[in-house]
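Student: coords please:
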Amino acid sequence: MLKTHSIGTKIYSIALSLVLLMIVVSSASVYMVGEVRQELELQSTTFLPLSNHIADIESRVLEGEVVIERLRVAMEDDRLHMTSKESHQIIREASIGIHEEFAGARSILDSLNLDDLSKDAAIATTKVSGSLAGVEQQYRDYEAQINRLLDAHDASDFNSMPLLDQMLTQSEVRIYRELDALRHQMESHVVAAIEKVVELENILNILMIALTTIAALLGLTFAAIVTRRIVTPMKSLVEGLKRVGAGDLETTLAVTTRDETATLAIGFNEMVEGLRAKERITDTFGKYVDSRVVDALISNPSMTKPGGDRRYMTVLFADMRGFTGLSERLSPDALVTLLNVYLEDMSVPIQETDGVIDKFIGDAIMAYWGPPFVDAAHQAQNACTAALRQLNLIAAFQKKVPEILGVRIDGDPIDIHSGIASGPALVGTVGSAHHRNYTIMGDTVNLAARIEGACKTYGVRLLVDEATRKETKGILFREIDALRVKGRSEPVKVFEAMVFDPAPEPKQRLARSFDAGLSAYRRGSFDEAISAFQKCLEIEPQDGPSKVFLNRLDHLKNSPPPSDWDGVFDMLSK
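Tutor: As a prediction, this is how the structure comes out:
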């Protein structure tokens, strides 16, 4: 089970670990400095004063030796009485001073607690104390020899003085030897103490460097580990966000901690799961409703409420010609299979031009272009482009029909009739509380349906209204007629979208001749119009609109129109 530690706790632990390491370094430093200080204090408070006492003892012994030497010279010069008194006085005073120095030295040594000293210092102190006691005992013997020599001198016992003088000389040698040994011990200890201080200083320096290095390495290592445990999940989160941003919704983050980064990872995984769910919804319902509509409805729940906005839209109705005859000759399964392939093929140009397929009505397709899915400046152009591409795909579809059905069928080939209109429409959600539809409604939709119906009347495949014609470039159009459709009092001019520019020369001549015929027709110059439309048939023998107008002109010549005739054709049927 993962332990719960917040990022703040981890950062605090880094700082705390560094503080603890510094405490260890400082403690070691304090300990080593204490050892050095103790050794220096021992030298300054014990051995240095002790050395002074030993030096004073040696100095006073030398003073006594000088007195004895003077006494010897005095005996040779016959000044014994006076010199003896002076010698007694000087030696007595020197002896008192020497005993005071011994007492001072013992006092220093007695004041020390060996348990408080280092092992080396305790051993050295014990040795010095023993040597000092030996020197003191030698001095007492030396002092006794001096007194005996002086007593013999005072008693004029000159016979015994040489022997006493010899014994005194031997005593002098011993005491000097003891003093030399004591001095050597003191010097050895001082040298050893100095060496120890230097050693301790070196050890302290090495220890400080080592502990500082260890503290730095441990601190950096620990900091790196903790930092990696913080940074690694964050890097994973950033990489995950990039992958999700690129469309990879299979991304998940492993939750390896229990701190705030784990909360972020869990939240990220939940977010991605939500996006996957949304993607599944969009993918599933996108087969029924345009995926952009699904996204908009999911992202903006207010759009699901009944109501809509009035917008300028372009609407397409595309109907399969020949479907009724097929439905009578094909089985339901074959008919559905054929219809599915047809609708699939005809949907591609609409999707390629950012159109929204509103619905399939049997074999018909209703689609629209406009905000917020298409820029208003390009909606008419996109709609006409899609419709012309559908016309170009029909030939390929016709070749696939036998393969789709597994049998060749007779009769008229499958074709398509399309009508496009641009204008204001209501776009929004309609329906009941239990079933709703996001769709487009209004007069523009009805007009597109009427225009699509007019294709059969004029024998053309694609008609558009005047508003769509004005907003479209790069396509060769010709005006077909002015219609008064059901539901509208004002006439509507309709245009055939013939072909993409650059148009072939025959198509251009056909359009020019038809425009001339239509103009003459509207002026009432029927003979001129007949001549122009006949020329159109010379260019394109199967031109449907020219045939329609020739039939209409034949009727008008036999039954002339009234004086207020405006050249508008009343198309009252759907």
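Student: now do the longest strand seen in the chain: distance to the chain's middle.
Tutor: Longest strand in the chain by number of residues, with DSSP state E as the criterion: strand 415-431. Here strand 415-431 shows a centroid-to-chain-centroid distance of 47 Å under the convention Cα atoms, centre = their mean, to the nearest Å.
Student: alpha carbons of that strand, as PDB, please.
Tutor: What follows is strand 415-431, C-alpha atoms only, in PDB (Å, rounded to 0.1, in the frame of the first residue of the first chain):
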ATOM      1  CA  ASP A 415     -29.400   9.700 -61.400                       C
ATOM      2  CA  ILE A 416     -29.800  12.600 -59.000                       C
ATOM      3  CA  HIS A 417     -31.900  15.900 -58.800                       C
ATOM      4  CA  SER A 418     -30.700  18.600 -56.500                       C
ATOM      5  CA  GLY A 419     -32.100  22.000 -55.400                       C
ATOM      6  CA  ILE A 420     -30.200  24.600 -53.400                       C
ATOM      7  CA  ALA A 421     -31.600  27.800 -51.800                       C
ATOM      8  CA  SER A 422     -30.100  30.400 -49.500                       C
ATOM      9  CA  GLY A 423     -31.900  32.600 -47.100                       C
ATOM     10  CA  PRO A 424     -33.100  33.000 -43.500                       C
ATOM     11  CA  ALA A 425     -34.000  29.900 -41.600                       C
ATOM     12  CA  LEU A 426     -34.700  28.800 -38.100                       C
ATOM     13  CA  VAL A 427     -31.900  26.500 -36.700                       C
ATOM     14  CA  GLY A 428     -32.500  24.800 -33.400                       C
ATOM     15  CA  THR A 429     -34.100  22.100 -31.300                       C
ATOM     16  CA  VAL A 430     -37.700  21.000 -31.900                       C
ATOM     17  CA  GLY A 431     -39.800  18.100 -30.600                       C
END
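Student: so in the chain, where's the weakest helix or strand by average pLDDT?
Tutor: The weakest-scoring helix or strand in the chain, judged by mean pLDDT, DSSP states H and E, is helix 291-299 (a mean of 66).
Student: so for stretch 387-403, what gets flagged as buried?
Tutor: Buried residues in stretch 387-403, counting neighbours by 16 or more other Cβ atoms under 10 Å, are found at 387-391, 393-394, 397, 401. Glycine gets a C-beta too; all of them are placed from N, C-alpha and C.
Student: now do the helices in the stretch 451-574 of the chain.
Tutor: Counting by DSSP state H, counting those that start in this stretch, one finds helices in the stretch 451-574 of the chain at the ranges 466-470, 505-523, 526-539, 544-558.
Student: repeat for the stretch 1-150 of the chain
Tutor: Under DSSP H, counting those that start in this stretch, the stretch 1-150 of the chain gives helices at 7-42, 48-77, 80-110, 119-154.
Student: and the angle from the third one to helix 119-154?
Tutor: Okay, so that is helix 80-110. Inter-element angle recorded for helix 80-110 and helix 119-154: 160 degrees (by axes from the mean of the first three to the mean of the last three Cα atoms, to 10 degrees).
Student: from here on, call the first residue 8.
Tutor: All set: I'll call the first residue 8, so the last point we hit is now helix 87-117.
Student: now helix 87-117, how far from the centre of its chain.
Tutor: That offset, for helix 87-117, works out to 91 Å (Cα atoms, centre = their mean).
Student: for the record, mean pLDDT for that helix?
Tutor: For helix 87-117, mean pLDDT rounds to 71.
Student: against which helices or strands is that helix packed?
Tutor: Applying 3 or more Cβ pairs under 8 Å, 6 or more residues apart in numbering; DSSP states H and E, we find helix 87-117 packed against helix 55-84, helix 126-161.
Student: and residue 321, which of the three is it?
Tutor: Following DSSP: H, G, I helix; E, B strand; the rest coil, the label given to residue 321 is strand.
Student: any idea how far residue 384 is from it?
Tutor: Distance of residue 321 to residue 384, given as Cβ to Cβ, to the nearest Å: 11 Å.
Student: so for the two, which sits in the more crowded spot?
Tutor: Between residue 321 and residue 384, counted using other Cβ atoms under 10 Å, residue 321 has the larger neighbour count: 31 against 8.
Student: look up which residues are beta-bridged to that one.
Tutor: residue 376, residue 429 (DSSP bridges).
Student: isn't it up against residue 380?
Tutor: No: at 11.2 Å, residue 321 does not count as touching residue 380 under the criterion of Cβ atoms under 8 Å.
Student: residues in contact with the nearest residue to residue 578 once chain neighbours are set aside?
Tutor: Nearest residue to residue 578 in three dimensions, chain neighbours excluded: residue 490, at 4.9 Å (Cβ to Cβ, 6 or more residues apart in numbering). By Cβ atoms under 8 Å, 6 or more residues apart in numbering, the residues touching residue 490 are 457, 461, 498-501, 575-578.
Student: partner residues bridging residue 490?
Tutor: When bridges are called by DSSP bridges, residue 490 pairs up with residue 499, residue 576.
Student: could you measure from it over to residue 182?
Tutor: 151 Å.
Student: pLDDT on stretch 63-77, on average?
Tutor: Averaged over stretch 63-77, pLDDT sits at 71.
Student: name the surrounding residues that touch that stretch.
Tutor: Everything outside stretch 63-77 that qualifies as a contact, by Cβ under 8 Å, 6+ apart, is 90, 94, 97-98, 101-102, 104-105, 108-109, 112, 142, 146, 149, 153, 156, 175, 179, 182-183, 186, 190.
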